[in-house]
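Engineer: Pasting the sequence and the predicted model now:
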Amino acid sequence: MKSQTTAWRAPFDCRSPRPMIISFLVAFLLATTCLFGQSNPAIQLFGEGGSERGILVLRLLWIPKTWQPDWTGFRIKVRIISGDQPTEWSPINRVTIFPELSRSKDLTNVESDPAALARLKGKLEKWLSTGQAKETKRADYLQKLASGPDAVKGLYIPIALDYDFALVNGFGMVVRRWGASEENEMDDTFEYGLFAVNKQGEEQLVGTFTWEEGSITSIRLDMDLQVVPTHLKTQLEVRWEFDYQTYLSQNLNGFNLYRRSGTGSFEKLNETPIWATTEGNTSQLSFFDKNVQPNTAYTYAVAPLSLFGTEGQRQEVLFDPSKLPGKVEPPVLRAFEQAAGKSGIQFEWDFSGASQKFIRDFVLQRRENVEAAYADVSSQMPATTRAATDTPPWQGEYFLYRLRVLDDFGLNLFSNELLIFYDPQVPPPPPTGLRGEFEKEGDRQFIRLTWDPKSPGDLLTAGYLLHSNFPPDERLLLEGNIPTITGNSYRYEVFSTGSAAYQFAVSAVSARKAESGLSNVARVVTPSQKIPNANIWPFSVSGNRITLNWEYDAPPDLAGFRVFQDGRQVAGEAQLPAAAKQWVSPQLAFSTTYSFELQAVTTTGVESRKSIARTVTTGQQQ
């Protein structure tokens, strides 16, 4: 950086001889939005386990989203987190890793292997001598990073293009055999921490990566490949489709595409990774191979790439123009339940009889979870076959099925996918005889629920699920936090101090998770520990009779009310039940003043305080 007015270029110069076309940049920037989202941290730390010459290797890469002005570099630390308590952080690099790109930079704090160091220095010299990269000293590097987000984003592209370039710039580190010792077992789980170092030498944890010692990162992405002729005789289009969410979950960084003719060696066709982006769950990429010979058979291979440049498992597709069949529609797959008493799933499919001559066999495939690949579950079936049966390995689970078409033309035909919940077992019979009883144990309250044990002939019931309401709502809902009950009773704890009307039902469940209908409903009213006070209002006088009125928010266990006249009870819950709202006195003395109080009482004898006394005088005798 010669002066403040000089336009700064990223250390990896986009104007260098290395091609970087506009469409590539647009695709790349779209693909990196998941890394630059608002919810992401200032720096993301990625890791990948591997093996080189029998030595365990952990590659680390950190990608800045923003840059703090006082940051100067990074330190990597590690701790074991597989024990009862995490160990203390232990530094790996004693010397801070600084952002810098120069011939004089010491790279031994990012790579310890002599051969790898020689490779890095060789590539660095090539980049600098050919103008592909610009030598940038530490002070200039830090000043530009602190100048704004555009400078940070501009650095990301060359870092993502080549992991070696990230290493020499100070944004990566290779850890070799860390933690492998007699004191440190191979099944330990390590947490690696990225610490940003400021100008005062203070450290701030900005990213972590967890690694199980000895684990090697496996990169596998299911792809559907197809080679399509174009209107140009010297050009073929290679297409591949894959699950984009799986692509993101593995932190993949594009693809490499290869081609070979006959049994020759594969030739790499792309200079930079082929990136992918989509708004949905699936993505399709296309590459035009513009240098093919007419009427020549080729095999293409596609390999997913990690952020570290590691290739995953390749998938191949054959293109043989001499056997092109034209347009062949894929089969349409359907599934049916087996007859009662039989296990398995029955499949049938439609496929054009005119297209049978272009295919060899059908193979039924099953996928057992979203992380697993499709696996063949049938033998190769002749092209005339239209039905097959499969019995999944587990009951009460979901499975994906599709039909694969085998051919000699590279058609890569697959049927539609079917998502099937396999549970051939009938549900068990509903429980009977549910009843509930309130219990108290010290200050704790319980409702003991019991129901009839299963009959000797019931071979399906493996346990019970509890359903209850949440008073005052009377709807019954599954108690999801209560594990399956194995016996025919359950003690349900009640935490409310007020009275409430609880309702319960139980259902039986089989070992295959098939659930029965609900039992009868048991209703239990829990007693109040305390009830609100009553209040007399209004009241009226008619001659020598007095009428008292009141409103009351009655709990479910309210027994009724008691009326006190001049401190003496003159009516009780037998005369004034819970629904009572009024009391009329018998004939009293004329022109006499009386004092009245009202008290509420529950079925278990819990009493409210007596109401405020109302002083009432009867009328004069006429």
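Structural biologist: Thanks, I have the structure now.
Engineer: which residue sits closest to Val238, ignoring its sequence neighbours?
Structural biologist: Take Val238 and drop its neighbours on the chain: the residue closest to it by C-beta to C-beta, 6 or more residues apart in numbering is Phe287, 4.8 Å away. All C-beta spots, glycine's among them, are computed from the backbone N, C-alpha and C.
Engineer: oh, I was asking about Asp407
Structural biologist: Going by C-beta to C-beta, 6+ apart, Asp407 has Ile359 as its nearest residue, at 4.6 Å.
Engineer: Next one: that neighbour from Pro330, what distance?
Structural biologist: In this structure, Ile359 lies at 10 Å from Pro330, with C-beta to C-beta, to the nearest Å as the measure.
Engineer: Could you name every residue contacting both of the two?
Structural biologist: Taking C-beta atoms under 8 Å, 6 or more residues apart in numbering as the contact criterion, the residues that touch both Ile359 and Pro330 are Val405, Leu413.
Engineer: What lies in contact with the longest helix along the chain?
Structural biologist: Using DSSP state H, we find that the single longest helix of the chain is helix 114-130. Applying C-beta under 8 Å, 6+ apart, the set of residues contacting helix 114-130 from outside is 12, 16-17, 101, 103, 107-108, 111, 132-135, 164-165, 167-168, 174.
Engineer: what do you get if the cut-off is 6 Å, keeping everything else the same?
Structural biologist: Among residues not part of helix 114-130, those counted as contacts by C-beta atoms under 6 Å, 6 or more residues apart in numbering are Leu107, Glu111, Ala133, Glu135, Asp164, Val168.
Engineer: any idea how far stretch 589-608 is from the chain center?
Structural biologist: How far stretch 589-608 lies from its chain's middle: 61 Å, per C-alpha atoms, centre = their mean, to the nearest Å.
Engineer: Tell me the buried residues in it?
Structural biologist: Neighbour counts over stretch 589-608 (16 or more other C-beta atoms under 10 Å) mark Tyr594, Phe596, Glu597, Leu598, Gln599, Ala600, Val601, Thr602, Thr603, Val606, Ser608 as buried.
Engineer: Just the terminal-to-terminal distance for it.
Structural biologist: With C-alpha to C-alpha, to the nearest Å as the measure, the first residue of stretch 589-608 is 30 Å from its last.
Engineer: Give the buried residues for stretch 79-99.
Structural biologist: By neighbour count, and taking 16+ other C-beta under 10 Å as the criterion, the buried residues in stretch 79-99 are Arg79, Ile80, Trp89, Ile92, Asn93, Ile97, Phe98, Pro99.
Engineer: Among those residues, which ones are in helices?
Structural biologist: Among the buried residues of stretch 79-99, no residue falls in helices (DSSP H).
Engineer: Quick check: the two most widely separated of those?
Structural biologist: Longest distance between any two of the buried residues of stretch 79-99 is 29.5 Å, between Ile80 and Pro99; criterion C-beta to C-beta.
Engineer: Among the buried residues of stretch 589-608, give me the pair with the biggest separation.
Structural biologist: Pairwise distances among these were taken by C-beta to C-beta; the largest, 29.5 Å, belongs to Tyr594 and Thr603.
Engineer: just the helices in the stretch 51-200 of the chain please.
Structural biologist: If you assign secondary structure with DSSP state H, counting those that start in this stretch, the helices in the stretch 51-200 of the chain sit at 114-130, 138-145, 149-161, 163-169.
Engineer: as a whole number, average confidence for the last one?
Structural biologist: When you say that, I think you mean helix 163-169. Helix 163-169 shows a mean pLDDT of 92.
Engineer: What residue spans form the domains of this structure?
Structural biologist: The domain map for the chain lists 22-212, 223-323, 333-422, 435-526, 539-617, with the assignment taken from automatic domain parsing.
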